[in-house]
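*Asks:* After the sequence you'll find the predicted model.
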Amino acid sequence: MPFNATDKIAYRIDEAVKASGLGRSFLYEKMAEGKLRSVKVGGRRLILRIDLLDFLNQGGEPEASAQAPSPALPEAKIVSAAIQRPAQLELPLKPRR
């Protein structure tokens, strides 16, 4: 069975661009503004799938609850119910030799 990009839990920037339809520089801008979370693993910047979905569901705003309800239909929301956000992403560190 071939691996599908929708099975991923994190995207590289170019993959997040393809998955979301947003521009590369737009994503970097939102990360710099703190509106889109990302993690750095080694030398690679990754956007967790749940963070990308949250960003898109909130219309690019960091806290949707502080704003008036969106006029968008509830069906337009991207479903992310099966994904649980980890409290903290921890990866084992390899000592440098």
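*Replies:* Arrived safely.
*Asks:* Return the set of buried residues in stretch 25-44.
*Replies:* For stretch 25-44, a neighbour-count test (16 or more other Cβ atoms under 10 Å) marks L27, K30, M31, L36, R37, S38 as buried. No exception for glycine: its C-beta is placed from N, CA and C like everyone else's.
*Asks:* try stretch 14-21
*Replies:* E15, A16, V17, A19, S20.
*Asks:* now, which of those sits nearest R49?
*Replies:* Comparing those against R49 with Cβ to Cβ picks out A19 as the nearest, at 8.2 Å.
*Asks:* right, and the pair among the buried residues of stretch 25-44 with maximum separation?
*Replies:* Among the buried residues of stretch 25-44, L27 and R37 lie farthest apart (Cβ to Cβ), at 11.4 Å.
*Asks:* list residues touching both of those two?
*Replies:* Both L27 and R37 are in contact with I47, where contact means Cβ atoms under 8 Å, 6 or more residues apart in numbering.
*Asks:* circling back to that earlier point, inside helices: which ones of the buried residues of stretch 25-44?
*Replies:* Within these, residues falling in helices by DSSP state H are L27, K30, M31.
*Asks:* Please list all residues in contact with the first one.
*Replies:* If a contact means Cβ under 8 Å, 6+ apart, then L27 has I13, A16, V17, S20, L36, I47 as its contacts.
*Asks:* Keep only those of those residues that are in strands.
*Replies:* I47 (DSSP state E).
*Asks:* low-scoring stretches of the protein, by residue?
*Replies:* Scanning the chain for pLDDT under 70 picks out the ranges 1-6, 61-97.
*Asks:* now the helices: where do they sit in this structure?
*Replies:* For the chain, the helices defined by DSSP H occupy 13-20, 24-33, 49-57.
*Asks:* Please identify which of those helices is closest to D7.
*Replies:* Closest approach to D7 among those is made by helix 49-57 (9.5 Å; Cβ to Cβ).
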